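Build me a model from this:
(one chain, ligands or ions: 1)
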Amino acid sequence: MADLDDLREGADFGLGIASSSQTFHVKGAANLPWGMKDRLSRIFNPKTGKSVMLAFDHGFIMGPTSGLERIDLHIVPLIEYADCIMCTRGILQSSVPANVNKPICLRSDAGTSILTELNDNVLIDIEDAIRLNVSAMAVMLSIGDSAYEAKTVANLYKAVDLGSRYNIPVMGVTAVGKQMARDARYFGLASRLCAENGANIVKTYYCEGFEKVAAACPVPVVIAGGKKLPEKEALELCYNAINDGAAGVDMGRNVFQSDAPAAMIQAVHAVVHDGLTPDQGHELFLDLSK
Ligand code: 5RP
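Presented below is the predicted three-dimensional model:
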């Protein structure tokens, strides 16, 4: 075990200074092979370097939660406004038309449900990811969970080993648990661990001090939306995250549980890609909701 004496918290994050290896529009990807870059470029818009990912993988632990009862009725009409979709293979194959022509970030680990202990996940077969022509594989990492930390770290690095063989990028998804802190120190640690283990994208949560989380992560960080907020607050969350260094959002409930989901995802898109302020984004949301 490493000597943990005198473990010092990082302080010099070079905030505001761009990463010196930034010659490609996706952070940390300049040295990757062509296939990886091509897939990452499908997810992150080459003009803005940002992405609005629509997450609707919640059913794999929660079942038909609010907004996801009917993927065909409630989610498929939103896909045209997303830069990328994140879902499980079961939903992709059963409910997403194969001609939507959007990059797919496939939920590539699976395990227990909300009825039991979470995080006891295994990886799906890489060949299924290849067959489904996905642009990235999402794998959850449960840092600080004494029962499943090692198993989920192993899932992530195995996914990276397999993804590297076929040039499929991996997104590390940092879990939150009841016993885990939700601050920059925790998310900074969890995000960095994802990147250190080879993740090409990290999905985490916005928090106070997020600029340090993003600065210390050598690959793009996208934020989850978390529980449903009033639309203006959710747009503020997106705006603040982008201003503090996020490369986009991977949002679910704040889109599909909105009263006007299509208006909401378009407003999120405008904040992320066009720099609309939360007020401007909210005006757009109200206009599009009419
Ligand atoms: C869970 C996930 C979810 O997709 C994620 O939480 C995004 O959804 P939301 O914006 O509803 O939080 O990755 O592991």
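
How about the residues of this protein by the ligand?
Residues of the chain lying close to the ligand (C-beta under 6 Å from any ligand atom) are 55, 57-58, 86, 140, 173, 224-226, 250-254. (C-beta placed from N, C-alpha, C; glycine too.)

From these, which land in strands?
Among the residues of the chain next to the ligand, the ones falling in strands (DSSP state E) are 55, 86, 140, 173, 224, 250-251.

now those: which count as buried?
Buried members of these, counted by 16 or more other C-beta atoms under 10 Å: 55, 86, 140, 173, 224, 250-251.

Tell me which two of those residues sit farthest apart.
M140 and M251 (16.8 Å; C-beta to C-beta).

and the residue of the stretch 51-200 of the chain at minimum distance from the ligand, what is it in contact with?
Per C-beta to the nearest ligand atom, A55 is where the stretch 51-200 of the chain lies closest to the ligand, at 3.4 Å. Counting by C-beta atoms under 8 Å, 6 or more residues apart in numbering, A55 makes contact with 86-87, 224-225, 250-252.

Including pLDDT, could the residues you listed go into a markdown table?
As requested, the contacts of A55 are exported to a markdown table (pLDDT from 0 to 100):
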| residue | pLDDT |
| --- | --- |
| M86 | 98 |
| C87 | 98 |
| A224 | 97 |
| G225 | 96 |
| D250 | 98 |
| M251 | 98 |
| G252 | 98 |
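
right, and the pair among those with maximum separation?
Using C-beta to C-beta, the contacts of A55 reach their maximum pairwise distance at C87 and G225, which is 15.4 Å.

higher neighbour count, these two?
C87 (27 against 23; other C-beta atoms under 10 Å).

what about the strands in the protein?
51-55, 84-87, 104-107, 109-110, 122-123, 136-141, 170-174, 201-204, 221-224, 248-251.

helices or strands next to the longest one in the packing?
Put plainly, it is strand 136-141. helix 34-43, strand 104-107, strand 109-110, helix 149-166, strand 170-174, helix 184-196 (3 or more C-beta pairs under 8 Å, 6 or more residues apart in numbering; DSSP states H and E).

for the residue most central in space within the chain, what are its contacts?
Closest residue to the average C-alpha location of the chain: K203 at 3.6 Å, with C-alpha atoms, centre = their mean. The contact partners of K203, taken as C-beta under 8 Å, 6+ apart, are 138, 171-174, 221-224, 250.

and stretch 218-226, how far apart are its ends?
From its first residue to its last, stretch 218-226 covers 23 Å (C-alpha to C-alpha, to the nearest Å).
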